[in-house]
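J.: Here is a sequence with its predicted model. Questions after.
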Amino acid sequence: MNAKSDMSLFDQRRSVLLSRLPDRLEKGAHWLLEPSRWWIRVPSGLLFCAGGVLSFLPVLGLWMLPLGLLLLAEDVSFCRTISAKMMGWFARKKPELFGEQGS
């Protein structure tokens, strides 16, 4: 697959995940993903990534790292590539999560 089709697959998988959220969270996620909201997305993504790295502390957890990468993926191409690979791995392990057929 080429990079362009990988990114459209990333967008498709992200849309499926967002559609699985409760309505209120889905609306909030779409609001946050608007291009003009980069000033909220980038600091939040960095804070989530830092929280994921510090997952050995109470309250913080490893779950924060992928969430931070997904937020940063909208504005940083390097993070978008990592997020696309991460979603591909999850899609291979749990295809039903993305509405895909397992192989």
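T.: In hand now; what should we look at?

J.: what about the helices in the chain?
T.: Applying DSSP state H to the chain gives helices spanning 3-19, 23-32, 38-53, 64-72, 77-93.

J.: Please identify which of those is closest to residue 99.
T.: When the helices of the chain are compared by Cβ to Cβ, helix 3-19 sits nearest residue 99, at 5.4 Å. Placement of C-beta: from N, CA and C, glycine included.

J.: buried residues in that closest one?
T.: Judged by neighbour count (16 or more other Cβ atoms under 10 Å), helix 3-19 contains these buried residues: 6, 9-10, 13-14, 17.

J.: want to throw those residues into CSV with distance to residue 50 and pLDDT?
T.: As requested, the buried residues of helix 3-19 are arranged in CSV below (distance: Cβ to Cβ, whole Å; pLDDT from 0 to 100):
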residue, distance to residue 50, pLDDT
6, 27, 61
9, 28, 89
10, 23, 89
13, 25, 91
14, 22, 91
17, 23, 90
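
J.: Could you dump these into CSV and include distance to residue 84?
T.: Compiled in CSV, the buried residues of helix 3-19 are given as follows (distance: Cβ to Cβ, whole Å):
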residue, distance to residue 84
6, 5
9, 7
10, 4
13, 8
14, 9
17, 13
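
J.: now, of the helices of the chain, which is deepest in the fold?
T.: helix 64-72 (a mean of 20; mean count of other Cβ atoms under 10 Å).

J.: excluding its backbone neighbours, what's nearest residue 62?
T.: Nearest residue to residue 62 in three dimensions, chain neighbours excluded: residue 55, at 4.4 Å (Cβ to Cβ, 6 or more residues apart in numbering).
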